[in-house]
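A.B. asks: how would this look folded up:
(chains A and B)
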Amino acid sequence: MAIIQIRDVYKTYNEGKIPVHAVNGITLDFEKGDFAAIVGPSGCGKTTLLNLLSGLDTPTSGTVMIAGKEITHLRSHEQIAFRLHHIGFVFQTYNLIPVLTALENVAFIMELQGVSKKERIEKARLLLDRVGLNDKLHDRPSRLSGGQQQRVAVARALASNPDFIIADEPTANLDSKATAELLEIMREMNRELNVTFIFATHDQRVVDKATRVIRIEDGKLTDDVRQEGKG
Amino acid sequence: MTSLLKIAWRNIWRNRRRTTITIVSVILSVFLTLLMRSMQLGSYENMINAGIRQVGNLQIQGKGYWDSHSINDALVYDSTLKAKVKSLKLIRETAPKLESFALGSYGEQTKGVFVTGMVPEQQDSILHLSRRLIKGEYPASDDSCVIVATKLAAFLGIDVGDTLVILGQGYQGITAAGKFSVRGIIKLLSPMENGTMIFMPIKCATRLFSPYEPNLVTSVAVMTEDISLTKKVEDQLKAIIKDHQQATIMRWDEMLEIMLQQIEADNAGGVIIAGILYIIIAMGIFGTVLMGTLERRKEFAILVSIGMHRSKLALVVILESLMTGLSGVVGGIIITWPIIRHYHLNPILMPGEMGEMMAQYNIEPVMPFSDGFLMFVNQGIVVFILSLLAALYPVATVFALKIQDAIRS
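C.D. replies: Prediction:
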């Protein structure tokens, strides 16, 4: 069953008098367990599509349903609560809370969900162990490398038990080794926990690892290919 | 909530130098405000205490006497009323007085004088009159004599052992005339009092002004155990005198109304200066919190993206503002408290003309510092409110934040 259903979604920005169709009538489903890469040239609408399906932006027309719930008409605070419980995020520039340690960063999202202190600390330790950072629990982001920070970000995204994780150019700032390690970790989580990952990327290494590649050009869906046996 | 407190506290130290400068500026402002207010409030307390020593916490008077100062508006303080007043446990002391204007004459000189009949021992314990004697002796209750203020004595050319003639009008129009031996010369602090005052035991004054009404008094000063008991004792006294058509009760703040108005006017100046210092505090906190907010727009946007409600984010900003402001207040109080406490216990002696001037007004020539608890609490409350106000704009920024723009920034 599709966990995300995007139906005939348009997003038009009015830049002066000329309307810009960032997303131009896309209909798309994501299944539970997808490890999907959205690719396309810069400005094709990848990030806008991610924003629409995460509720960070609202479509000009069309609907976005997540886990059977239409999110386009949710009010601001409802969208925030929805993201907290259903969506994980991994950003290009890590974006951890700089004043919290790795452990606190991962636990914080669970605190927002109201998880008990004991439970969230236990789970945060477990997740950081899973991403290979059990020796960096009490380090702040400034003491971690880019790759390590991004692994903390993955652990944070997983901490809220989301329906899917959105990763916008997660490897753009990483070297080859860190990229390979990060992709391996995410793929492992995808396989073991059946968590859906949706990437917007230019990185061929991510595309190579993805089980599904969605191509967008000028805001339109031009290709949607499943790469069986990949990853 | 713990995490929000932790985040806020750590956030304010992300730019250590900026936060340190802000907190130090708050500490300095609090230090200056507290010192200034402590000195002001201390000197007011000193003035009020001096005033209360003069007039008592309360006075029982004849109706209309306060306005007319005529002996005809005096009160018959009979033994029944006296016994009722004495039965009140919260009263430390009562001091009856019989006062009137008259002419004082010696040899060729005559001058208008103000005669105060009092219980010598009581007045001495309250106003320490005997310490101001420069010649002669202080009288006892049963003596028939007077003590004369120095300037008046010099004008009349009278000295200890001489006889002073007093002539005036007594109670209900009788002639008040008498001859009294001068027992002592006293130096009073106010120049006006020094040129007009004559003291005598109240029994003498009664014989002089009211020989047919021996219980006549113009006022009975009532000293309570503590100033805070004034209202309670006033109520008790009002209950006692409710059947006495002649009597009325006045509180010290009614009798010292002019002095309190002067204090109020002076205090307004202090409040304005404190206000300027508070503006410095507010601007310092505002600048720090605002910069901290604008620098972290992207971070805030990320937090909202991952599911942190804007209200919680706003709470973090408010906490940062409060922590900055209150750190300064706590620091300021810690530095200022020992200094204020020291000068509260060891007031600065006012030297020279300033001290003399204070003494002339019966005010102890010292500059005591007030260490009132409320003064410190008020600082905390004011800075708390200022910190909240300083956080208003940053909080508005959080609620107006455009997530996608901020993430892209």
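A.B. asks: how about the helix or strand hosting residue B:271 against chain A, any contact?
C.D. replies: Using DSSP states H and E, residue B:271 falls within helix B:257-295. No. Between helix B:257-295 and chain A, judged by CB under 8 Å from any CB of the partner chain, nothing touches; the nearest distance is 11.3 Å. (C-beta placed from N, C-alpha, C; glycine too.)
A.B. asks: Now do that helix: which elements does it pack against?
C.D. replies: Applying 3 or more CB pairs under 8 Å, 6 or more residues apart in numbering or on different chains; DSSP states H and E, one finds that helix B:257-295 contacts helix B:2-12, helix B:16-55, helix B:310-345, helix B:373-390, helix B:392-400.
A.B. asks: Those helices: which one's closest to chain A?
C.D. replies: Closest to chain A of these, according to CB to the nearest CB: helix B:2-12, at 3.6 Å.
A.B. asks: got the contact list for residue A:173?
C.D. replies: A:92-94, A:146, A:150 (CB atoms under 8 Å, 6 or more residues apart in numbering or on different chains).
A.B. asks: which stretches of chain A form helices?
C.D. replies: A:46-54, A:76-86, A:102-113, A:117-130, A:146-159, A:176-193, A:204-209 (DSSP state H).
A.B. asks: residues in contact with the last one?
C.D. replies: Applying CB under 8 Å, 6+ apart, the set of residues contacting helix A:204-209 from outside is A:35, A:37, A:39, A:170-171, A:176, A:179-180, A:183, A:187, A:199, A:201, A:213, A:230-231.
A.B. asks: List just the nearest of those residues to chain B.
C.D. replies: So of the contacts of helix A:204-209, ranked by how close each gets to chain B (CB to the nearest CB), first place is residue A:170, at 13.9 Å.
A.B. asks: pLDDT at the closest one, what is it?
C.D. replies: Listed pLDDT for residue A:170 reads 87.
A.B. asks: and if you look at residue B:67?
C.D. replies: pLDDT recorded at residue B:67 is 89.
A.B. asks: okay, the nearest residue in space to residue A:156 that is not next to it in sequence: pLDDT?
C.D. replies: Excluding the flanking residues, the one nearest residue A:156 by CB to CB, 6 or more residues apart in numbering or on different chains is residue A:106, at 4.9 Å. Per-residue pLDDT puts residue A:106 at 95.
A.B. asks: hang on, the earlier thing: list the buried residues in the helix holding residue B:271.
C.D. replies: B:259-260, B:263, B:270, B:274, B:277-278, B:281-282, B:284-286, B:288-290, B:292-293 (16 or more other CB atoms under 10 Å in any protein chain shown).
A.B. asks: contacting residues around the nearest residue to residue A:104 once chain neighbours are set aside?
C.D. replies: For residue A:104, ignoring the flanking residues on the chain, the nearest one in space by CB to CB, 6+ apart is residue B:3 at 7.2 Å. By CB under 8 Å, 6+ apart, residue B:3 lies in contact with A:100, A:104, A:107-108, A:111.
A.B. asks: Just among those, which is most surrounded?
C.D. replies: Neighbour tally across the contacts of residue B:3 (other CB atoms under 10 Å in any protein chain shown): the maximum, 26 neighbours, falls on residue A:107.
A.B. asks: Tell me how far it lies from chain B.
C.D. replies: To chain B, residue A:107 is 8 Å away according to CB to the nearest CB, to the nearest Å.
A.B. asks: Check the contact between that residue and residue A:122; I expect there is one.
C.D. replies: No. When contacts are counted by CB atoms under 8 Å, residue A:107 is not listed as touching residue A:122 (9.4 Å).
A.B. asks: Distance to residue A:141 added to the contacts of residue B:3, as TSV?
C.D. replies: Below are those laid out as TSV (distance: CB to CB, whole Å):
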residue	distance to residue A:141
A:100	8
A:104	10
A:107	14
A:108	12
A:111	18
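A.B. asks: centroid residue for chain B?
C.D. replies: The residue lying closest to the centre of chain B (CA atoms, centre = their mean) is residue B:45, at 3.2 Å.
A.B. asks: go on, chain A?
C.D. replies: Judging by CA atoms, centre = their mean, chain A has its centre closest to residue A:166, at 1.2 Å.
A.B. asks: Now residue 171. Nearest residue, chain neighbours left out?
C.D. replies: This is for chain A. With CB to CB, 6+ apart, the residue lying closest to residue A:171 is residue A:179, at 4.3 Å.
A.B. asks: meant chain B actually
C.D. replies: residue B:210 (4.0 Å).
A.B. asks: Tally up the residues packed near the one you found, please.
C.D. replies: Count around residue B:210 with other CB under 10 Å applied: 23.
A.B. asks: okay, it: pLDDT?
C.D. replies: Reported pLDDT for residue B:210: 92.
A.B. asks: What of the one 10 residues further on?
C.D. replies: Residue B:220 is assigned a predicted lDDT (pLDDT) of 92.
A.B. asks: so is it in a helix, a strand, or just coil?
C.D. replies: Under DSSP: H, G, I helix; E, B strand; the rest coil, the three-state class of residue B:220 is strand.
A.B. asks: Quick check: bridge partners of it?
C.D. replies: Going by DSSP bridges, residue B:220 is paired in beta bridges with residue B:60, residue B:96.
A.B. asks: Make sure it is actually in contact with residue B:57.
C.D. replies: No. Using CB under 8 Å as the test, residue B:220 is too far from residue B:57 to be in contact (11.8 Å).
A.B. asks: who's more crowded, those two?
C.D. replies: Under the criterion of other CB under 10 Å, the comparison of residue B:220 against residue B:57 puts residue B:57 first, with 26 against 22.
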